[in-house]
Structures are given as C-alpha cells and as structure tokens.
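Visitor: Just the structure for this:
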Amino acid sequence: MPGGRLTQEERQQIALGVADGLAYAEIARRLDRPTSTVTREVMRNGGPTAYRADLAHRATERRAHRRRQAAPRAVEATSAAGGRDAEALREFEEVFTTVLMQSGLAKMMSRVLVCLTTTDSGSLTAAELVERLQVSPASVSKAVAFLESQSLVRRERDERRRERYVVDDDIWYQSMMASARGTVQLVETARQGVGVLGPGTPAGVRLENVARFLDFVSEGIARAAEQARDILYVKAETPSGDSAGPAEER
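Guide: Below is the predicted model of the structure:
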C-alpha cells in the first residue's frame, strides 16, 4: 500500500469518484489507500459538494509551508497533544472543524468548539484558547458568546477565580434540549399562523402540517436526549493515583 502524501493525480481521481457518487471506501480501494485517508482529504477540503483537486492540492502545499515555518514549535505541539501523534491530532481537528462548518457553524465557532472538545480537561481559559488557536482575544470572545447562546459551552470559575469555558457530556444534552425548546416555539408560531390564515386554506393547512411535524420531532429529540444521557454516556478511566479534576465531576 503506498504511503506518503496524496499526489495531484490521486486527488483528481478522488474528485472524479466523489462527482460520480462513489463511496469513500471504493475510491480508497481504487487508489490502494486507507479509507480514512480519502475521508480526511475530502472533509478537510470543502466536503463532498465542494471538493476540487487543484484547490485541495494548493491548500495542502500551503499547510505544509506553514508547518515548516512552525518547525521550532514542534516539541511544544507534541507536548500539547498529551503524548499523542501531533500531526494526526492536527489533521483530525481540521476535519472535525470542517464537518461542524458544513453543519452551519461559523469557522471560528467551530475551531473553538473543536479545541475545547479535543482537550482532555474539556476546559480552557480565554488566554489558553488565544494561544492554541493563534487568534485575537476578540475572536475568541465572540465565538464563545455564540456557543454559549446555543448551550454548547458554559462558563465557570476555577480556584484562581479565572473564567474558564467548558464542554462536557451535559453540554451536548443541554444543547439538544435548547434545540427542542426552540422547535416548540416554532410550533406555537406556526399554529398562530393557522388561526390568522384560516384552518381550511392551503396556507393554513401547510402551516398546520409544519406544526405537527415539528411538534413530533421536538418531542422525539427531547425523549431521545433524556434516554441517551441516562444510558449511553461512558466515563474515561482515571490513571492509578490520579484524582478526577473539577471538570470531570458531575
């Protein structure tokens, strides 16, 4: 199986495969590459609807150039990865960020959420986020404010009275419940529209169908979130001799 970086010719084959609707596994088989390589390549370069071989190749060259310039920080990067493969972690973060952006989250919000989620503590200060992401404090502040409004991040004070931004299992539960509550508001508004437009009119019937659909979905989301929190969560193993920190306590 060939190793190393993808060539421009391989990227062209990936683009053709994606355009033809082939599964990533099939594209990878034709290239004699791991499926994860193809998946990562597409997701970090625009996703299946926007992947372009020439743009992906240039983007890869730019990333490689930036990494060569940042070579003196390699030791620091490895340490920040907690002993993990720093390059693999960096690539995963890029893919994760792209997927969140494709779901509708803005780039900076996605980067902050990924940074917090891939940190073992699940908790960072504004200064730590600024250092890790190499962005301005204002960018971090704006991103956190939005994520907090969506119940995807919460704030807490540590023992030094510093404000920390936290993600954990309960954050995703709270976000899903907030989404369900927002859907309930849409249901109520749609039913108000039925009264205004008339229940027997085409527009009124359309809004009633919207209300029924969203009502059913919101109930399902809330019920599934409750069940998932109760039965699906797993806890990370704590190394012998270590005690769980504040971020791990429920």
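Visitor: Contacts only, for Leu10.
Guide: Just so we're on the same page, residue 10 is Glu rather than Leu. Glu10 is in contact with Leu31, Arg33, counting by CB atoms under 8 Å, 6 or more residues apart in numbering. All C-beta atoms are positioned from the backbone trio N, CA, C, and that covers glycine.
Visitor: Please, which helix or strand holds it?
Guide: Element membership for Glu10, per DSSP states H and E: helix 8-19.
Visitor: Report the secondary structure state of Val234.
Guide: coil (DSSP: H, G, I helix; E, B strand; the rest coil).
Visitor: Make 315 the first number, not 1, from now on.
Guide: In the new numbering, first residue 315, that becomes Val548.
Visitor: Mind listing what's buried along the helix holding Glu324?
Guide: Glu324, Arg325, Gln327, Ile328, Ala329, Gly331, Val332 (16 or more other CB atoms under 10 Å).
Visitor: And stretch 414-430, by the same measure?
Guide: In stretch 414-430, counting by 16+ other CB under 10 Å, buried: Leu414, Met415, Leu419, Met422, Met423, Ser424, Arg425, Val426, Leu427, Val428, Cys429, Leu430.
Visitor: any idea how far it is from the chain center?
Guide: Chain-centre distance of stretch 414-430: 5 Å, with CA atoms, centre = their mean, to the nearest Å.
Visitor: Would you mind writing the CA trace of the helix holding Glu324 as CSV?
Guide: As requested, the backbone C-alpha atoms of helix 322-333 are provided in CSV (Å, rounded to 0.1, in the frame of the first residue of the first chain):
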residue,chain,number,x,y,z
GLN,A,322,-2.2,15.7,-7.6
GLU,A,323,-3.2,12.8,-9.8
GLU,A,324,-4.7,10.9,-6.9
ARG,A,325,-6.6,14.0,-5.9
GLN,A,326,-8.0,14.2,-9.4
GLN,A,327,-9.2,10.6,-9.1
ILE,A,328,-10.8,11.4,-5.7
ALA,A,329,-12.6,14.3,-7.3
LEU,A,330,-13.9,12.2,-10.1
GLY,A,331,-15.0,9.5,-7.6
VAL,A,332,-16.8,12.0,-5.4
ALA,A,333,-18.5,13.5,-8.5
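Visitor: helices and strands of the protein: which one bottoms out on pLDDT?
Guide: Lowest on mean pLDDT, DSSP states H and E among the helices and strands of the chain sits helix 388-394, with a mean of 46.
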